[in-house]
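[1] Attaching a predicted model along with its sequence, questions to come.
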Amino acid sequence: MDERDLNDDDGIEVEVEVEPHTEHDSDSIEEPPSKKGLGIIPVTLLFALATILGALGGAYGAQYFTPKPDISATDTKINRTIADAEDRLNNQIEGIQSELGTLRAETLQLQANQNAVSLPDESQITSLLIRVEALENSPQPRLPEIDEATLVALQQAQKDGFSWPDVSELKARLGALESEKETLQGQVETLANSLITLSENPAPVTAEPVYIVTDTSFPKQALLDAVFKQNEEKGFLSKALSKHIQVRGPNDPVALIETIETALARDDLRAALRAFDALPENIRSVGQNWREAVARARNE
């Protein structure tokens, strides 16, 4: 049996076996078998298979052997953009940190300023109100004291038949005191307006010296009136002399009242309270509210 190679156009080898002629008995001669071809269907299938394999091979080659595009320029541009953005962001962060530092310093300064000032508390306001009330209710200022020489002359005149001395100088002094009273009343009105403004628009204020809180609120005239009231049961001349002429010792109520006033001018609250406590009980009761206010001021 011979083998023949058949090659189609696509390079596919097909082997076909051809049987050789055989000789039989002389009595019978058989016709050789006819040649049989592959047929159109197998050839078509082989062609389709080759086409598919070629397409798959081309796709595989295109996938793995196609050169990649050069993106280095794009990478450089992206990196530069990122670097610029980082620089801008860092600059903004530094600016924000600087502003935060400034705000922090200002906040600390405001806190320090707030700690350095204080609003008047209830006791201070009470003392101011007492001072205003005492000034508003102050009676006409009394005449100044007369020296001992004048007292001796008046006592001698009383023995010989009393006659009033020349009071023109006293009247002049009284006029000056009246003018001073008007000035004090103006100050009282100003202080009252200030208190109203303070109550409506509270604001930080510094603490006032002790003598400002206590000195002007000292009810001196009320205490003196209480002293003079003790002499109401005496005669006319005795009452007149007790108002204008006095010889006082260190424990005399009027002397103690003046000692209190002098101590307050020196901010010596202890001495002022000591002199106040030495007053008779009926006189102390007149200034008891003031005494309590001073005691609170000492304890603050």
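    Yes, it's here. Numbering: from 1, shown residues only.
[2] can we go C-alpha only for contacts and neighbour counts from here?
    Will do.
[3] What are the boundaries of the helices in the stretch 51-200 of the chain?
    Taking DSSP state H, counting those that start in this stretch, the helices of the stretch 51-200 of the chain run over residues 72-116, 122-136, 148-159, 168-200.
[4] which one of these lies closest to Ser285?
    helix 122-136 (14.9 Å; C-alpha to C-alpha).
[5] State the distance from Asn113 to Thr102.
    Per C-alpha to C-alpha, to the nearest Å, Asn113 is found 16 Å from Thr102.
[6] hmm, back to that, for Asn282, find the nearest of the helices of the stretch 51-200 of the chain.
    It's helix 122-136; of these, that one is closest to Asn282 (C-alpha to C-alpha) at 18.6 Å.
[7] Which strands or helices does the closest one pack on?
    If you count contacts as 3 or more C-alpha pairs under 8 Å, 6 or more residues apart in numbering; DSSP states H and E, helix 122-136 packs onto helix 168-200, helix 210-214, helix 288-299.
[8] Mind doing that once more with 10 Å?
    The contact analysis (3 or more C-alpha pairs under 10 Å, 6 or more residues apart in numbering; DSSP states H and E) places helix 122-136 against helix 168-200, helix 210-214, helix 220-229, helix 288-299.
[9] Mean neighbour count, these: which tops it?
    With neighbours defined as mean count of other C-alpha atoms under 10 Å, the helices and strands packed on helix 122-136 peak in mean count at helix 210-214, which reaches a mean of 19.
[10] Surely Leu269 and Ile260 touch.
    Yes - assessed by C-alpha atoms under 10 Å, Leu269 is found in contact with Ile260 at 8.6 Å.
[11] follow-up on the earlier one: and the helices of the stretch 51-200 of the chain as a markdown table, adding distance to Pro42 and mean pLDDT?
    Shown next, in a markdown table, are the helices of the stretch 51-200 of the chain (distance: least, C-alpha to C-alpha, whole Å; pLDDT from 0 to 100):
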| stretch | distance to Pro42 | mean pLDDT |
| --- | --- | --- |
| helix 72-116 | 53 | 81 |
| helix 122-136 | 119 | 79 |
| helix 148-159 | 162 | 76 |
| helix 168-200 | 114 | 78 |
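[12] Redo the helices and strands packed on helix 122-136 as JSON lines? Include distance to Ile125.
    Formatted as JSON lines, the helices and strands packed on helix 122-136 follow (distance: least, C-alpha to C-alpha, whole Å):
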{"stretch": "helix 168-200", "distance to Ile125": "9"}
{"stretch": "helix 210-214", "distance to Ile125": "9"}
{"stretch": "helix 220-229", "distance to Ile125": "20"}
{"stretch": "helix 288-299", "distance to Ile125": "10"}
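[13] Ok, which of these comes nearest Leu49?
    helix 168-200 (104.3 Å).
[14] so where's the stretch 151-300 of the chain uncertain?
    Scanning the stretch 151-300 of the chain for pLDDT under 70 picks out the ranges 160-167, 198-216, 230-250, 300.
[15] make it 90
    For the stretch 151-300 of the chain, applying pLDDT under 90 flags the ranges 151-255, 257-258, 260-273, 280-300.
[16] coming back round to it: kindly reformat the helices of the stretch 51-200 of the chain as TSV containing distance to Ala295.
    Shown next, in TSV, are the helices of the stretch 51-200 of the chain (distance: least, C-alpha to C-alpha, whole Å):
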stretch	distance to Ala295
helix 72-116	24
helix 122-136	10
helix 148-159	37
helix 168-200	23
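[17] Ala50: which of the ones you listed is closest?
    With C-alpha to C-alpha as the criterion, Ala50 lies closest to helix 72-116 of the helices of the stretch 51-200 of the chain, at 41.0 Å.
[18] Tell me which other helices or strands the closest one touches.
    Counting contacts by 3+ C-alpha pairs under 10 Å, 6+ apart, helix 72-116 packs against no other helix or strand.
[19] Buried ones in the one helix or strand Val43 maps to, by neighbour count?
    According to DSSP states H and E, Val43 maps onto helix 40-65. Neighbour counts over helix 40-65 (16 or more other C-alpha atoms under 10 Å) mark Phe47 as buried.
[20] what about Ile93, neighbour count?
    The number of residues packed near Ile93 is 12, by other C-alpha atoms under 10 Å.
[21] For it, list the residues it contacts.
    By C-alpha atoms under 10 Å, 6 or more residues apart in numbering, the contact list for Ile93 reads 87, 99.
[22] What distance do you get for it to Asp277?
    70 Å.
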